[in-house]
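[1] from the sequence below, what's the structure:
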Amino acid sequence: MTKKINLLAHLKSDFASGLVVFLVALPLCLGIALASGAPLFSGIISGIIGGIVVGFLSKSHISVTGPAAGLTAIVLTAITDLGAYNIFLTAVIMAGLIQLILGFLKAGSISNYFPTNVIEGMLAGIGIIIFLKQIPHAVGYDKVSEGDTSFFEAGGSNVFQTLIDAFNYINYGSIIITAVALAILIGWDKVPALKKLKLVPAALIAVFSGIILNEIFIRTGSPLQVSNDHLVALPTPSTLLEFKEMFLFPDFSLETFSNPKMWIAAATIAVVASIETLLCIEASDRMDPYKRYTNTNVELKAQGIGNFLSGLIGGLPMTSVVVRSSANANAGARTKASAIIHGLLLMISVLTIAAFLNKIPLATLAAILLLIGYRLAKPSMFKHFWEKGKYQFIPFIATVLAVVFLDLLKGVALGMLISIFFVLRGNYKRAYLFRKEEYHDGDEIHIDLAQEVSFLNKAAIKNTLNTIPENSKVIINASDTVYIAHDVLDLIKEFKYIRAKEENIKVKLVGFKKAYNLDNTDDGQHVKMAAKKTKGEN
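    This next block holds a predicted model:
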């Protein structure tokens, strides 16, 4: 039975972490909407529903749901192909229903097969790209929106070119604001008296410091002042009618449902969003200091309901997202109440204090994200996997590089392929022990089979049997073997009863089960001793 979560048990730490996630999520929701070619308010809607609804329905303690950078290209293409945003919203609703069905089909179980080194590589890769992407914002160059996390950017440039360009357009006021915010964020936990103030997170003080510094620059007419182009840009409706017009609604016409492009968009969003969610849930569980595990099938249902509701009122599709989840974990979240609080704060901010929030310099938020990026890709993590050996390090580093230079899904796919290759290679090697024993009447070749011999070992055993010379003595020992695949048994039968007779190879079989229909041979005392010796070595 699943233990019921008390959302009020750790309200102090959860409120503080929810506040930090809200500050991080606000520009990301807007930036992802901008990068997706959707109305800015659609990102906020997705963030609110992802926080409140999905946060409540989910069983995850740490993960946070909202509009995802990984879906921007899919959303942009879908809106363009469908020709109208309201038709796209219908695709988002259908995607939510597909996810709900996947949850009932228990498709979330595939997350159990993601290797740890690939998940950690994904986190490190995201950390690197976040860090690199935030440097321009930290120095006051905000050409690329917050929601863009791809290495190759619009217009043909890339992250490194943007970094170079950024230092040609430095705003010294932004640098000062970033430096002060970083000093607060790094130094806050080093002062015991401040560390105890759970309801006043360092990120909030950093944000207020940025607002205050910029207001001082503006009021004194200083050239250091940060202009509106480098501040948060939350929509600010002045009347109730303007607020209502910010909500868009789906097109449920027969023409929309008969459009194959709508169904293709829905299926694509559902599959990609589900995979990204499962990856993030695995990563979030690893970041959870209390090592709690999330029911991924329940998570798919929660995401499906979230996307269904988001599409109904004009929001973007959502997934569980690493950046906000990492910010949540680093801020000390204890339960999913923090995700719900972040959604409530997004909703309150839209209704009441949008004008005030629009005074926040992007440089302040860049400081918060710089630290998050660093913590996700700490040098100690690279050292840890290096020390574990090449079979752990190579999939890890390949995932890191592919996530940075390609995207999250391609990076994970590459890491998975390399991990599977190493598993097959290791299985190939562990199929048996091959050795020679010298006796007075000549040499004997011993092939001691492993505890389990699957079809994956067929090629290795086949190659070994093919290399055995004529006139040899061979002992194949299955005394310790629990399972042998039929493919391998056929190989052994063909070798013993056909090739061995043709090439004068004497074959002795030891320990094979009667059900295999192979004749075990009483091979003499020296063979039994050799088998015992091998067993003792293992």
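[2] in which helix or strand would I find residue 210?
    Here residue 210, judged by DSSP states H and E, is contained in helix 202-219.
[3] which other residues reach stretch 463-472?
    With contacts defined as C-beta atoms under 8 Å, 6 or more residues apart in numbering, stretch 463-472 is touched by 432, 434, 443, 445, 447, 474, 491-492, 495, 499, 503-506. Any C-beta I mention is one placed from the backbone N, CA and C, and that applies to glycine too.
[4] show me the residues you listed that map onto helices.
    Applying DSSP state H to these, the entries found in helices are 491-492.
[5] could you pull out the strands for the stretch 251-400 of the chain?
    Under the criterion DSSP state E, counting those that start in this stretch, strands of the stretch 251-400 of the chain are mapped to 318-321.
[6] just give the number of residues close to residue 383.
    For residue 383, the neighbour count with other C-beta atoms under 10 Å is 11.
[7] buried set for the longest helix seen in the chain?
    Longest helix of the chain, by residue count under DSSP H: helix 260-287. Neighbour counts over helix 260-287 (16 or more other C-beta atoms under 10 Å) mark 262-263, 265-266, 268-285, 287 as buried.
[8] likewise stretch 84-91?
    Judged by neighbour count (16+ other C-beta under 10 Å), stretch 84-91 contains these buried residues: 85-91.
[9] show me how far it is from its chain's centre.
    Computed by C-alpha atoms, centre = their mean, to the nearest Å, the chain-centroid distance of stretch 84-91 equals 27 Å.
[10] what residue ranges in the stretch 51-200 of the chain score low on pLDDT?
    194-199 (pLDDT under 70).
[11] in it, which spans are helices?
    Using DSSP state H, counting those that start in this stretch, the helices assigned to the stretch 51-200 of the chain run over residues 55-57, 72-82, 85-104, 116-138, 159-166, 172-188, 192-195.
[12] output the contacting helices and strands for the shortest one.
    Spelled out, it's helix 55-57. helix 296-312, helix 337-351 (3 or more C-beta pairs under 8 Å, 6 or more residues apart in numbering; DSSP states H and E).
[13] what angle separates the longest one from helix 260-287?
    Okay, so that is helix 296-312. 130 degrees (axes from the mean of the first three to the mean of the last three C-alpha atoms, to 10 degrees).
[14] residues near the closest residue to residue 309 other than its chain neighbours, how many?
    Nearest residue to residue 309 in three dimensions, chain neighbours excluded: residue 49, at 5.3 Å (C-beta to C-beta, 6 or more residues apart in numbering). Neighbour count of residue 49, defined by other C-beta under 10 Å: 28.
[15] to which secondary structure element is residue 49 assigned?
    Using DSSP H and E, residue 49 falls within helix 40-49.
[16] what comes into contact with that helix?
    Here helix 40-49 makes contact (C-beta under 8 Å, 6+ apart) with 25-26, 28-34, 36, 66-67, 147, 233-235, 246-248, 306, 309-310, 313-318, 342-343, 346-347, 350.
[17] quick one, what contacts residue 248?
    Listed by C-beta under 8 Å, 6+ apart, the contact set of residue 248 reads 39, 42, 85-86, 89, 313-314.
[18] rerun that using 10 Å as the cut-off
    Shown in contact with residue 248 (C-beta atoms under 10 Å, 6 or more residues apart in numbering): 38-39, 41-42, 45, 84-86, 88-89, 313-315.
[19] against residue 354, how distant is it?
    Distance of residue 248 to residue 354, given as C-beta to C-beta, to the nearest Å: 19 Å.
[20] likewise for residue 244?
    On the measure of C-beta to C-beta, residue 244 and residue 354 end up 16 Å apart.
[21] now the helices for the stretch 401-538 of the chain?
    Taking DSSP H, counting those that start in this stretch, the helices of the stretch 401-538 of the chain run over residues 408-429, 458-466, 486-494, 500-502, 525-537.
[22] and the fourth one, average pLDDT?
    Confidence over helix 500-502 (mean pLDDT, whole number) is 88.
[23] can you give the contact residues for it?
    Residues outside helix 500-502 that contact it (C-beta under 10 Å, 6+ apart): 465, 468, 470, 472, 474, 494, 506-507.
[24] same thing but 6 Å
    Residues outside helix 500-502 that contact it (C-beta atoms under 6 Å, 6 or more residues apart in numbering): residue 507.
[25] report the buried residues of it.
    Applying 16+ other C-beta under 10 Å to helix 500-502 flags residue 500 as buried.
[26] ok, now the longest one?
    By neighbour count, with 16+ other C-beta under 10 Å as the criterion, the buried positions of helix 408-429 are 408-409, 411-416, 418-419, 422, 427.
[27] out of those, who's nearest residue 390?
    Proximity of the buried residues of helix 408-429 to residue 390 (C-beta to C-beta) peaks at residue 422, which lies at 8.6 Å.
[28] what's the pLDDT at that closest one?
    Per-residue confidence at residue 422 stands at 82 (pLDDT).
[29] and the residue lying closest to residue 334 once chain neighbours are set aside, how many neighbours?
    Of all residues not flanking residue 334 in the chain, residue 10 sits nearest, at 3.6 Å (C-beta to C-beta, 6+ apart). Close neighbours of residue 10, defined as other C-beta under 10 Å, add up to 18.
[30] quick check, pLDDT for residue 10.
    Note for residue 10: predicted pLDDT of 86.
[31] from residue 341, how far off is it?
    On the measure of C-beta to C-beta, residue 10 and residue 341 end up 11 Å apart.
[32] touching, residue 364 and residue 179? I think so.
    No. In this structure, residue 364 is not within contact of residue 179 by C-beta atoms under 6 Å, at 10.8 Å.
[33] with neighbour numbers in mind, choose between the two.
    Neighbours were counted for residue 364 and for residue 179 using other C-beta under 10 Å; residue 364 has more, 32 against 13.
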